[in-house]
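Asker: give me coordinates for this.
(chains A and B)
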Amino acid sequence: MKNLFLSKSENCNLANSITALEARNGNNVYSSSWNLSHSRCDEWDCFLSCHCANSRK
Amino acid sequence: MKKIKVFMLITNENCNLNCTYCYEHHKTNSYMNFATAKSIIDKELLTAKTDEIFEIEFFGGEPFLNFPLIKQVVEYVKTEYSHLKIYFNASTNGTLVHGEIKEWLIKNKDCFSPGLSLDGTKEMHDLNRPFKKDGKGSYDSIDIDFFKSQYNEPHAKMTISPATLPKMAEGIKHIHNLGFVCDATFATGIDWNNLYNIEILCNQLAELIDFYKENPHLEVCRMLNYGFTSVLNPTIEKFRYCGAGKTTKAFDCQGIMYPCQGFAPVTLGKDEAMKYVGEDFSDFKFDKKSICAQCKLVNLCPTCYACNKASTGDIGKMDNDMCLLNRLCILAGAKIQYYRLIDQPEPSIETQRTLKAIEILQKETFNPSSVYLNNFVLR
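Answerer: Numbering: from 1, shown residues only, chains lettered A, B, ... in the order given. You can find the predicted model right below:
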């Protein structure tokens, strides 16, 4: 299972990238209000996005 | 995004295959007639607005066993409802798509897309999907080139069973090599409770991570392709597992409405299915003590009411083993997305959000303090 996780250096790289992006764009882009106003679908239960036995894109 | 309303017509409850993992345990020789189909369509489209999009899905059993009905319905809808946007789809095993059916599909390909089930390589497919009459594999009875050549971005629905799990990565690569987008999912309602399966899955997922890293142009297969940013959302009070009963409905051969095919008599049997007639799950509420209610991954989890029902008998309770399989897939999918996004020259805000979600998933997917791990010790 270990190789499904990011490695230590990949995690470090990820953290650095996020820090740089937050310095540029801020961190309010993670808030639910931002998400709701930018969501492609206003219903989170959209059938087409689920992975059930019959779903598809 | 325009909302799509889906209604399924179960054209018949029979099938010419005997797939090892099929969740429809109550097949019969019932067929839907045109009068029933017409009555459903007229009722469903009576109040339709011109800006709505509809999808009529033909389901079975194998839907093309009732090809005359499919033809009649499509002709009727095209004639009577030409002012509406309506598309047709059929989930098919492909074995009957030859001759007359193939010619008819070509004529109607502007509005009709058959969804082919193809379970990987010939060896895998034949293991999972033998004919009912003689037990022989069905791979060679499908005109794969037809599905590939006639439709833009054709999708193949690949179901993974315990028998084909050891070749999962090879099967997914095969589907891509054939030119299909791969809608891979695990079989539901069957026993995955085997330590061996987890070990195999981890190895297969590691192989797929490398494969997608080397092929960044390919759309990642369904089971590894998540809307990761949904992990940033809080779990809302009115959480739903899926749109069954709300954005989709299924009608059996007698015209009775169920939330989806997973609750129809062909799946549950008549007596059990009766409990779900007309159900839309609008009253569904989590048991606050349930694993899902406290899971931070619930918004991106691919389970649904029907999968839960099939595997645990409870629409609000997910199968423990499936929960573990999904967590492993989420991790693998997150790693694939990391490779695709981390070196983007001009990352967008959406990329930033996805990277943040990936960071959260590294910690949360197997967080030792989570309810999940308190209740289920990893084997």
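
Asker: where does the closest residue to B:Leu65 other than its chain neighbours land on pLDDT?
Answerer: Leaving aside its sequence neighbours, B:Leu65 sits nearest to B:Asn12 (Cβ to Cβ, 6 or more residues apart in numbering or on different chains; 5.1 Å). All C-beta atoms are positioned from the backbone trio N, CA, C, and that covers glycine. Looking at B:Asn12, its pLDDT is 98.

Asker: pLDDT weak spots in chain A?
Answerer: Applying pLDDT under 70 to chain A picks out residues A:32-57.

Asker: in it, which spans are helices?
Answerer: Listed in chain order, the helices of chain A (DSSP state H) span residues A:8-25, A:32-38.

Asker: over to chain B?
Answerer: Ranges of helices in chain B, per DSSP H, are B:34-45, B:67-80, B:99-107, B:122-128, B:144-150, B:168-178, B:195-214, B:265-268, B:270-274, B:305-312, B:320-341, B:349-364, B:371-375.

Asker: just say which of the ones you listed is most tucked in.
Answerer: Ranked by average neighbour count under the criterion mean count of other Cβ atoms under 10 Å in any protein chain shown, the helices of chain B are headed by helix B:265-268 at a mean of 26.

Asker: tell me the mean pLDDT for that one?
Answerer: Across helix B:265-268, the average pLDDT comes to 97.

Asker: same check, this time on stretch B:192-206
Answerer: 86.

Asker: with stretch B:321-337 instead?
Answerer: 93.

Asker: how far away is B:Ala163 from B:Ser141?
Answerer: In this structure, B:Ala163 and B:Ser141 are 20 Å apart, going by Cβ to Cβ, to the nearest Å.

Asker: which one of the helices of chain A lies closest to B:Tyr276?
Answerer: If you check each of those against B:Tyr276 by Cβ to Cβ, helix A:32-38 wins as the nearest, at 31.0 Å.

Asker: so where's the stretch 151-300 of chain B shaky on pLDDT?
Answerer: Applying pLDDT under 70 to the stretch 151-300 of chain B picks out residues B:195, B:236-237.

Asker: flag every residue of it that's near chain A.
Answerer: Applying the criterion Cβ under 8 Å from any Cβ of the partner chain, the portion of the stretch 151-300 of chain B that neighbours chain A consists of B:155, B:157, B:181, B:183, B:185, B:188, B:198, B:202, B:205-206, B:209, B:222-223, B:227, B:229-230, B:232-234, B:236, B:239-244, B:246-248, B:260-262, B:299.

Asker: which members of the residues you listed are classed as buried?
Answerer: Listed as buried from those are B:155, B:157, B:181, B:183, B:185, B:188, B:198, B:202, B:205-206, B:209, B:222-223, B:227, B:229-230, B:232-233, B:239-244, B:246-248, B:260-262, B:299; burial here means 16 or more other Cβ atoms under 10 Å in any protein chain shown.

Asker: tell me, how many residues neighbour the residue in the stretch 201-350 of chain B that chain A sits nearest to?
Answerer: The shortest separation between the stretch 201-350 of chain B and chain A is 2.7 Å, found at B:Pro302 (distances taken as Cβ to the nearest Cβ). Residues lying near B:Pro302 (other Cβ atoms under 10 Å in any protein chain shown) number 22.

Asker: what's the distance between it and B:Gly316?
Answerer: Here the distance between B:Pro302 and B:Gly316 works out to 16 Å (Cβ to Cβ).
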